[in-house]
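Chemist: using only what follows, build the 3D model:
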Amino acid sequence: MIDTRFARWLAPLFGRRRAGRRTPEAFRPRGTSSRVSRLAARYDAEVDLALQRLWPKARIYHDREFTRDRADFLLVVRGRGVMVETKVKSDPGVFRGSTLPPLLDRLQRDGRRLVVVLNQGDPTPARELVASRLGDKGCVVVWSGPEHDADLRDAVEALLHQMVRHA
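Modeler: Numbers count the residues shown, from 1 in each chain. Presented below is the predicted three-dimensional model:
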């Protein structure tokens, strides 16, 4: 019998990756090694795993580079897409969404749906900003782990059902 841990240990040494999904940080290398950047990379990976866990048959597309006017993920569930933007706060304060306007402008023009997933903090000002720009096509959810999966599922499913209702 083959020890899979041993194979996983040898694969990076020979430049081979395991078959399967690449992590979001492999798609979008960050240019800085700041604490917030490391938290953001880890949070992106956790959100990616949550999306896979909640919608195992869904397709998840990652943006290959960091830009302020494109969302981090495109989640396609049952043929309908929802953009997912992750935001990381290093402190539990208020999240105002000051980095969201370029993304909101683009999605407003495109008519796409957006879920902003925040790791912690009070998202009230950001919710107001998203509602003023996207109306009922956007929402902000606080997700910090599997215990908040229901909130994330409800937010995405509400946007997916809304798309069917308006189609």
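Chemist: note down every partner strand of the strand ranked longest in the chain and its orientation.
Modeler: Determined from DSSP state E, the single longest strand within the chain is strand 80-87. Next to strand 80-87 in the sheet, as set by DSSP bridges, lie strand 73-77 (antiparallel), strand 114-118 (parallel).
Chemist: any low-confidence regions in the chain?
Modeler: The chain contains residues with pLDDT under 70 at 1-33, 36, 163-167.
Chemist: which helix in it has the most residues?
Modeler: Counting by DSSP state H, the longest helix found in the chain is helix 35-54.
Chemist: buried ones in that one?
Modeler: 40-41, 43-44, 46-48, 50-51, 54 (16 or more other C-beta atoms under 10 Å). (Each C-beta comes from the backbone N, C-alpha and C, glycine too.)
Chemist: how about those in CSV, adding distance to residue 138?
Modeler: Formatted as CSV, the buried residues of helix 35-54 follow (distance: C-beta to C-beta, whole Å):
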residue, distance to residue 138
40, 20
41, 24
43, 19
44, 19
46, 22
47, 17
48, 20
50, 19
51, 17
54, 19
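Chemist: and which of those is nearest residue 74?
Modeler: Set against residue 74, the nearest of these by C-beta to C-beta is residue 51 (10.5 Å).
Chemist: brilliant, that's me finished.
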